[in-house]
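*Asks:* pasting the sequence and the predicted coordinates here, then a few questions.
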Amino acid sequence: MTMKQPSYPRHIDLAPVHHVQGTVKLPGSKSISNRILLLAALSGGTTRIFDLLASDDTLVMLMALQTLGVKWEQIEGTQDYIVHGVNGVLPVHQADLFMGNAGTAIRPLTAALAVLGGDYTLHGVPRMHERPIGDLVDALNAVGMRIDYTGNPGYPPLHIRRGQLTSSRMKVRGNVSSQFLTALLMAAPLMAREEAMQIDVVGELISKPYIEITLNLMRRFSVEVERDGWQQFIIKPGQHYRSPGSIHVEGDASSASYFLAAGAITGGPIRVEGVGRDSIQGDVRFVEALELMGATITMGENWIEASSNGPLKAVDADFNHIPDAAMTIAVAALYADGPSTLRNIASWRVKETDRLAAMATELRKLGAQVEEGADYLTVTPPAEIGTATIDTYDDHRMAMCFSLASLDGALRRGNRVRINDPKCVAKTFPDYFDVFKKIAEQTLI
Ligand SMILES: O=C(O)C1=C[C@@H](OP(=O)(O)O)[C@@H](O)[C@H](O)C1
Ligand SMILES: C=C(OP(=O)(O)O)C(=O)O
């Protein structure tokens, strides 16, 4: 896989920018890319994937599939791939797989490998070993799978052995990560039972729109899931993944949020291309939050544009459905006309870093007053944004959303926002600062 990975310095200094406008072509969606890669690998037939995301998270999935004996090739000079599906039978039964910090890789692969059976170990970067996976392991082990923890119980690394499926009913908790349900859904058609597989969700499910992405893409690969709301999912027997022939990856709606927010903060207009009205990503609903803040949004089939006239309004809303793009709102709140509150975002604590704590600490450096609750954040904007050095905690979204602190002249002339360790954006958007620089015409130091 070739990646246009710029070599960023130890830090990037962003000088004040008053106005940004223009058009950005978005990189592919991480959530769609990693789901399609796994579905294409498991299915019967060959799949051509257009516009796959080139990033750390997709690289770990591609490398894991290769180690498992799945053949794929990249079409030279493009982000298009051809994946030769294994039709539910992985050629390699023993492997050690590095999963980086990609939740969308380790969770679905754990379920698929446990069901297909073999001798596999899965591990990642140190933070991955602090991100919970216990609810998924419990759900699988309860129906006869054999997954052990080789480090701390409840967390990767994992050792998967061949199990024996003992039931067609599974249950999984949904209040820590929706990726556990996604993983079970994607693995269910591999379970080859004579009766339907049923998955019950225990308690409240978070991040619901990501389940819609999963169901939508499973359907593209010929598997229909019946459902009763968010509580019960049924996969009828006799369904197998079949390649759709070719499939296109939409632009990443979470990555769109930084540019759309920049348009809303400075007036814009800024247009993002690659995602629009017909998107299957829940994060397109980020624009509803921008609208609440007073921005004007227009959308086409494959583009979204944000502009505004006048300062942003404060917002108080539930962000459980868009946990990733919500981080962008927390930084946009620096420009609002009063305190903003982001509610129901407890999942932030178990992502790339403890994002509630990290966000509070870094927003305070810019002069904001921040109240950090167990599952909410209230941001009271400063009169003006002072010079600050932002730590990014190896969290791509911390780096990307804090670039917005350099906008709209709130940052006084002569001041600057320094983003430490900018290369962490490689998780989902390796050339983010080049694209941001183009749109903001800033100087990278
Ligand atoms: O399924 C997915 O593609 C994702 C689900 C969300 O995680 P949670 O369900 O853990 O909130 C989101 O934060 C993550 O970036 C991608
Ligand atoms: C939470 C995220 O990633 P992951 O897919 O690793 O959960 C994210 O990209 O913000």
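*Replies:* Great, that's in hand. Since this is a predicted model, take the numbers as computed values, not measurements. Numbers count the residues shown, from 1 in each chain. Ligands and ions are numbered 1, 2, ... in the order given.
*Asks:* and what about the closest residue to residue 403 other than its chain neighbours, helix, strand or coil?
*Replies:* Spatial nearest neighbour of residue 403, excluding adjacent residues (C-beta to C-beta, 6 or more residues apart in numbering): residue 436 at 5.3 Å. Placement of C-beta: from N, CA and C, glycine included. The three-state assignment at residue 436 reads helix, by DSSP: H, G, I helix; E, B strand; the rest coil.
*Asks:* state the distance from residue 436 to ligand 2.
*Replies:* The gap separating residue 436 from ligand 2 is 18 Å, by C-beta to the nearest ligand atom, to the nearest Å.
*Asks:* residue 222 too?
*Replies:* Distance, residue 222 to ligand 2, using C-beta to the nearest ligand atom: 25 Å.
*Asks:* next: residue 64.
*Replies:* Applying C-beta to the nearest ligand atom, the value for residue 64 to ligand 2 is 14 Å.
*Asks:* list the contacts of that residue.
*Replies:* 95, 97-99, 105, 109 (C-beta atoms under 8 Å, 6 or more residues apart in numbering).
*Asks:* the helix or strand hosting it and ligand 1, are they touching?
*Replies:* Here residue 64 sits within helix 56-67, counting by DSSP states H and E. No. Figure legend: helix 56-67 not in contact with ligand 1 (C-beta under 6 Å from any ligand atom); closest approach 9.0 Å.
*Asks:* averaged pLDDT, that helix. What do you get?
*Replies:* Averaged across helix 56-67, pLDDT comes to 98.
*Asks:* my guess is the residue nearest to residue 403 meets residue 261, correct?
*Replies:* No. The pair residue 436 / residue 261 is not scored as a contact, 11.5 Å apart, by C-beta atoms under 8 Å.
*Asks:* follow-up on the earlier one: can I get the contacts of residue 64 in JSON lines including neighbour count?
*Replies:* Below are the contacts of residue 64 laid out as JSON lines (neighbours: other C-beta atoms under 10 Å):
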{"residue": "95", "neighbour count": "17"}
{"residue": "97", "neighbour count": "24"}
{"residue": "98", "neighbour count": "17"}
{"residue": "99", "neighbour count": "25"}
{"residue": "105", "neighbour count": "31"}
{"residue": "109", "neighbour count": "28"}
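*Asks:* part of a helix, is residue 322?
*Replies:* No. Judged by three-state DSSP, residue 322 forms no part of a helix; its state is coil.
*Asks:* thought it was touching residue 209?
*Replies:* Yes. Residue 322 is within contact range of residue 209, at 7.4 Å (criterion: C-beta under 8 Å).
*Asks:* any common contacting residues for these two?
*Replies:* Residues touching both residue 322 and residue 209 (C-beta under 8 Å, 6+ apart) are 282-283, 285.
*Asks:* out of the residues you listed, which is most surrounded?
*Replies:* Within the shared contacts of residue 322 and residue 209, residue 283 tops the neighbour count with 26 neighbours, counted by other C-beta atoms under 10 Å.
*Asks:* so the residue of the chain found nearest ligand 2 versus residue 253, what's the distance?
*Replies:* As assessed by C-beta to the nearest ligand atom, ligand 2 sits closest to residue 103 within the chain, at 2.7 Å. Residue 103 sits 17 Å away from residue 253, going by C-beta to C-beta, to the nearest Å.
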